[in-house]
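Q: Give me the fold of what follows.
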Amino acid sequence: MTGASSGLGAAVSRALAGLGAQVAVVARRRDRLDALAGEIGGIAAAGDLSEPAAIAEIIPDIAGRLGPPEILINAAGNRFGAERAESEPLDDIRRTLDLNLVAPLLLAQQVFPYMRELGRGSIVNISSISGRVGVPGIPQASYAASKAGLSGLTTELAVQWARHSIRVNTVAPGFFRSEITGSLYDSDRGAEYLRRNIPLPTEGTAEDMIGAIVWLAGDAGRYVTGQTVVVDGGWTAH
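A: From the prediction side, this is the model:
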């Protein structure tokens with residue numbers, strides 16, 4: 001489980017462990033990972049997923065300690081900078097694509113031999129509604145491109161690897177309270193913006209995404225592959 005040191009990644013890690021899975025939590029912040037791993041009875045694997053060399057070490061390390069991985073959930077992601085598209089720095093673009101799109105592909109490549117040998121596997125990528133619709137007032141060209149790219153990657157891997165019974169899907173969350181969006185929820189202007197654009201009257205949380213992710217990761221979703229499932233309180237429905 002990547003991106004496990006906070007927010008959605010931590011919530012899903014707890015949910016999977018509660019269902020009996022042995023969970024390896026992956027992120028950069030070692031102190032948080034160790035605490036979470038101790039809480040859920042899993043293992044911690046710290047690493048910078050923007051670095052291919054680090055990615056190459058993570059999956060073999062986990063497989064050596066827990067056995068061959070059957071599930072990969074790519075939840076690590078970030079938005080670097082807040083410039084409009086016409087002035088977004090190249091460094092920010094590359095950092096965003098490396099973490100949000102390249103890392104999930106490299107991690108999928110790393111787990112593939114194990115899942116092929118097992119004859120089964122499930123990969124769930126965490127995207128965003130920003131990969132499907134533009135979000136007025138929040139410049140994020142490279143972020144949107146990376147998340148749209150995840151859906152394309154998902155469909156391609158799903159078709160290529162279906163013969164090995166490896167399923168690949170994406171969950172695209174809308175806005176929910178997290179470390180990244182906290183300031184938006186806490187400002188009067190931001191809160192009003194969210195209320196105006198989200199049809200459901202309840203505030204989204206990381207826990208609202210868990211059901212879709214667990215469904216796709218487990219046997220309940222065994223006949224679902226190549227899909228992007230949107231969980232957004234109705235944002236993209238109007």
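
Q: where's residue 10, which helix or strand?
A: helix 7-18 (DSSP states H and E).

Q: Other residues contacting the helix or strand that that helix is followed by?
A: For helix 7-18, the following helix or strand on the C-terminal side (DSSP H and E) is strand 24-27. Defining contact as CB atoms under 8 Å, 6 or more residues apart in numbering, one finds that strand 24-27 is touched by 1-6, 9-10, 13, 33, 36-37, 40, 42-47, 49, 58, 62, 65-66, 69, 76. Using the backbone N, CA and C atoms, a C-beta is placed for each residue, glycine as well.

Q: cool, stretch 6-13 as well?
A: 1-4, 23, 25, 27, 29, 32, 36, 40, 42, 73, 75-76, 126, 173, 176, 178-180, 206-207, 209-210, 213-214.

Q: mind checking the longest strand of the protein?
A: In the chain, with assignment by DSSP state E, the single longest strand is strand 166-173.

Q: Remind me what that strand packs against, helices and strands.
A: The contact analysis (3 or more CB pairs under 8 Å, 6 or more residues apart in numbering; DSSP states H and E) places strand 166-173 against helix 103-118, strand 121-126, helix 141-161, helix 207-217, strand 228-231.

Q: for this protein, which residue is closest to the average position?
A: For the chain, the residue sitting closest to the mean C-alpha position, by CA atoms, centre = their mean, is residue 75 at 2.2 Å.

Q: before we move on, back to that, may I have the strands that pair with the longest strand of the chain, each with its orientation?
A: strand 121-126 (parallel), strand 228-231 (parallel) (DSSP bridges).

Q: Thanks again, I'm all set now.
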